[in-house]
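**Student:** one predicted model, sequence on top.
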Amino acid sequence: MTRAAFPKLLRSQIAFDIARAILDGFDKHYRLFRATSRQAKRYFERGAWAEAQRAARERIDFYDRRVQECVQLLEDEYSQADLSDDVWQELKLHYIGLLSDHAQPELAETFFNSVCCKLLHRSYFHNAYIFVRPVISTEYIDTRELAPTYKVYYPDADGVHFALKRIITNFQLNAPFASLTRDVEQVELRLAQLFGATRIEANHQIHVLSNLFFRNKGAYIVGRIINGNREYPFVVPILHDRKGHLVLDTVLFDPEQITVLFSFTRAYFLVDMEVPSSYVQFLRTLLPRKPRSEIYTILGLQKQGKTLFYRDYLQHLKHSSDRFDIAPGIRGLVMLVFALPSFPYVFKVIKDFYPPPKDTTRALIKQKYLLVKHHDRVGRMADTLEYSNVAFPRHRFSERLVAELEQFAPSMVEVDGDQLIIRHLYIERRMVPLNMWLAHADQDGDDVQLEHGIVEYGNAIKELVAANIFPGDMLYKNFGVTRHQRVVFYDYDEIEYVTDCNFRDIPPARTEEDEMASEPWYPVGKHDVFPEQFGQFLLGNPKIRRFFLQHHADLLTRDYWQARKQRILDGVVEDVYPYPQHVRFFHHVNTPAVPPPPFMEILENE
């Protein structure tokens with residue numbers, strides 16, 4: 001659509017040129033985004049895990065770089081005098097016209113917001129100037145000239161085995177399977193369990209998304225089986241075995257397991273999507289409880305996820321009346337955390353000063369959170385949404401929360417009329433702090449839950465270590481429990497790379513006076529870690545101590561940590577599975593697989 005389409009309304013050549021420049025900036029971004037996503041297939045075929053991880057990290061920065069390029073271009077080309085309020089409003093209308101036949105209009109709208117919010121004062125952050133509300137519908141994007149989002153297979157026509165083989169071979173992976181026939185037979189057995197005595201007949205269809213989902217060392221086939229009016233989601237992970245051959249590792253039907261696979265605690269997938277809204281719509285049929293914001297985010301479109309999250313938040317604020325208040329739990333030394341009871345997220349503001357023993361700065365804390373954003377979170381670190389200049393209704397804040405903000409983070413707070421502006425904050429999914437979860441289990445005498453919490457806590461640490469992350473502060477208060485009863489780390493101000501840590505044993509005391517001294521009798525470097533000391537802070541409760549030593553005593557030894565560090569230094573990329581071990585087909589060793597759970601019963605219970 002050209003400027004001539006609005007001859008009477010839109011007359012500013014500057015507005016049109018800026019709109020065109022912003023859209024060109026977005027198109028460049030998404031072209032590079034897709035190129036990196038396509039390259040993931042080559043990395044997977046070659047088993048080039050380090051290259052794949054580097055590409056995934058670098059792709060996260062593409063968006064901000066393109067936004068900054070666009071801002072710099074506009075600042076260089078146009079003076080402030082050229083950009084009147086009328087020009088800014090006309091600019092948005094031109095941009096809407098340019099998006100009429102676009103394949104990613106919702107992403108382009110968000111890119112427009114990002115650029116304009118860098119150039120405009122926050123008083124302009126409303127729908128007359130930016131896309132507070134979306135304009136272009138993504139429901140029926142014309143795909144006549146685009147690749148189909150998913151492919152349909154009819155097992156009644158060709159037989160189930162042949163249909164499954166076609167699904168896998170159609171992805172044209174340039175690497176040999178160890179035994180595709182064997183693996184497909186395993187999938188058939190699981191299908192038989194899912195459907196019981198019911199055969200896959202003429203009214204069955206299999207819909208499979210056209211491109212693979214890549215993350216870490218796995219490629220994932222994502223689809224659904226349609227049986228009359230019922231739909232069954234499924235995911236098939238493809239891995240490399242020890243000889244470098246491809247194997248189908250399992251097939252996931254359990255909705256909860258699929259939800260965990262797409263969790264906010266994991267790294268973003270790399271998947272080539274021409275029409276991302278169509279992928280999101282397909283995935284919503286598999287994950288009906290997951291908001292669109294989280295689905296966009298897990299697909300690597302985290303800026304779109306932020307936009308949708310903020311729109312959902314504004315709607316919730318409009319239709320609720322409770323007040324923001326200090327979040328329950330032990331108050332941190334670095335972050336001030338508050339929450340809206342009816343909203344399942346917490347808001348975190350970096351304090352202006354940090355009492356001993358904390359030795360950090362605001363810049364360093366932000367750097368740690370950025371590290372987590374770029375790193376493989378292996379299902380054990382919560383993703384965060386970072387915002388600037390967020391306006392809250394002042395009357396919705398409790399007085400004690402306002403007092404805490406003004407006392408501990410005055411540089412981050414500004415009152416503007418009936419609004420309270422927070423200049424920088426992080427938003428995370430709300431979880432039950434592990435220390436509170438364990439305390440409740442202990443008080444209730446629920447040893448099963450207590451043991452589960454400690455087993456999960458140790459597993460979380462070990463999986464973080466596998467991803468080269470040392471939590472730093474390992475106290476239970478820094479971990480949370482999700483609704484799936486998984487333990488997740490969420491306090492990042494002291495994290496370090498395992499490879500940067502020096503794991504040591506405490507040297508023997510030279511004298512009795514050494515043992516009684518309040519200070520260590522041995523030198524302690526900045527990155528020195530003494531694992532045998534962990535028990536002093538973690539194992540005061542006798543039950544917790546018993547469960548911890550039963551399952552995770554190795555975490556208290558230098559040898560464990562040093563061995564894991566050495567494997568990372570040797571270039572080993574560990575296997576961390578985003579699904580339970582018992583559902584895997586072969587485990588890649590000569591041991592029988594554990595029979596899978598009764599999926600039909602699970603689906604009926606859902």
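**Tutor:** Thanks, I have it. Numbering: from 1, shown residues only.

**Student:** I'd like to know which elements the helix or strand hosting residue 16 is packed against.
**Tutor:** Using DSSP states H and E, residue 16 sits within helix 13-46. Contact partners of helix 13-46 among helices and strands, from 3 or more C-beta pairs under 8 Å, 6 or more residues apart in numbering; DSSP states H and E: helix 49-77, helix 85-98, helix 105-119, strand 213-215. Where C-beta positions appear, they are placed from N, C-alpha and C, glycine not excepted.

**Student:** is it possible to get a markdown table of the ones you listed that adds mean pLDDT?
**Tutor:** Output for these, formatted as a markdown table (pLDDT from 0 to 100):
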| stretch | mean pLDDT |
| --- | --- |
| helix 49-77 | 95 |
| helix 85-98 | 91 |
| helix 105-119 | 95 |
| strand 213-215 | 97 |
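
**Student:** where does the prediction get shaky in the chain?
**Tutor:** 1-10, 142-145, 157, 196-203, 514, 587-606 (pLDDT under 70).

**Student:** what domains does the record give for it?
**Tutor:** The record's domain parsing of the chain by automatic domain parsing lists 3-124, 150-316, 321-430, 434-577.

**Student:** could you tell me the end-to-end distance of the shortest one?
**Tutor:** When you say that, I think you mean domain 321-430. 19 Å (C-alpha to C-alpha, to the nearest Å).

**Student:** which parts of the stretch 501-606 of the chain are helices?
**Tutor:** With DSSP state H, counting those that start in this stretch as the criterion, the stretch 501-606 of the chain has helices at 512-516, 534-538, 542-552, 558-569, 599-605.

**Student:** now the third one: buried residues?
**Tutor:** When neighbours are counted by 16 or more other C-beta atoms under 10 Å, the buried residues of helix 542-552 are found to be 544, 547-548, 551-552.

**Student:** with stretch 439-447 instead?
**Tutor:** Buried residues in stretch 439-447 (16+ other C-beta under 10 Å): 441-442.

**Student:** other SSEs contacting the one helix or strand residue 463 maps to?
**Tutor:** Here residue 463, judged by DSSP H and E, is contained in helix 447-466. Counting contacts by 3+ C-beta pairs under 8 Å, 6+ apart, helix 447-466 is packed against helix 434-443, strand 479-481, strand 487-489, helix 542-552, helix 558-569.

**Student:** okay, the angle between the longest one and helix 447-466?
**Tutor:** So the one you mean is helix 558-569. 40 degrees (axes from the mean of the first three to the mean of the last three C-alpha atoms, to 10 degrees).

**Student:** which other residues reach helix 558-569?
**Tutor:** 465-466, 468, 498-499, 501, 503-505, 529-532, 554-555, 574 (C-beta atoms under 8 Å, 6 or more residues apart in numbering).

**Student:** now that helix: buried residues?
**Tutor:** For helix 558-569, by 16+ other C-beta under 10 Å, it's 560-562, 564-565, 567-568.

**Student:** and those, which is closest to residue 407?
**Tutor:** For the buried residues of helix 558-569, the residue nearest residue 407 by C-beta to C-beta is residue 561; the value is 38.7 Å.

**Student:** show me where the stretch 101-250 of the chain has strands.
**Tutor:** With DSSP state E, counting those that start in this stretch as the criterion, the stretch 101-250 of the chain has strands at 150-153, 204-209, 213-215, 218-227, 230-240, 246-248.

**Student:** between the fourth one and helix 13-46, how big is the angle?
**Tutor:** In this structure, strand 218-227 runs at an angle of 100 degrees to helix 13-46, with the same axes, to 10 degrees as the basis.

**Student:** give the other helices and strands that strand 218-227 contacts.
**Tutor:** Partner elements for strand 218-227 (3+ C-beta pairs under 8 Å, 6+ apart): helix 160-169, helix 180-195, strand 204-209, strand 213-215, strand 230-240, helix 276-286.

**Student:** the ones you listed: which one's closest to residue 93?
**Tutor:** Short answer: helix 276-286, nearest of the helices and strands packed on strand 218-227 by C-beta to C-beta, at 22.3 Å.

**Student:** run through who's touching the helix or strand following that closest one.
**Tutor:** Using DSSP H and E, the next helix or strand after helix 276-286 towards the C-terminus is helix 292-298. Counting contacts by C-beta under 8 Å, 6+ apart, the residues outside helix 292-298 that touch it are 262-264, 266, 268-269, 276, 280, 283-284, 287, 302, 304-309, 312, 383.

**Student:** any chance of a ChimeraX selection covering the buried ones in these?
**Tutor:** Buried residues among these (16+ other C-beta under 10 Å), as a ChimeraX selection:
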select :262,263,264,266,268,269,276,280,283,287,302,304,305,306,307,308,309,383
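
**Student:** take the contacts of helix 292-298 and keep only those in helices.
**Tutor:** Within those, residues falling in helices by DSSP state H are 276, 280, 283-284, 302, 304-309, 312.

**Student:** in stretch 45-61, what counts as buried?
**Tutor:** Within stretch 45-61, judged by 16+ other C-beta under 10 Å, the buried ones are 49, 52-53, 55-56, 59-60.
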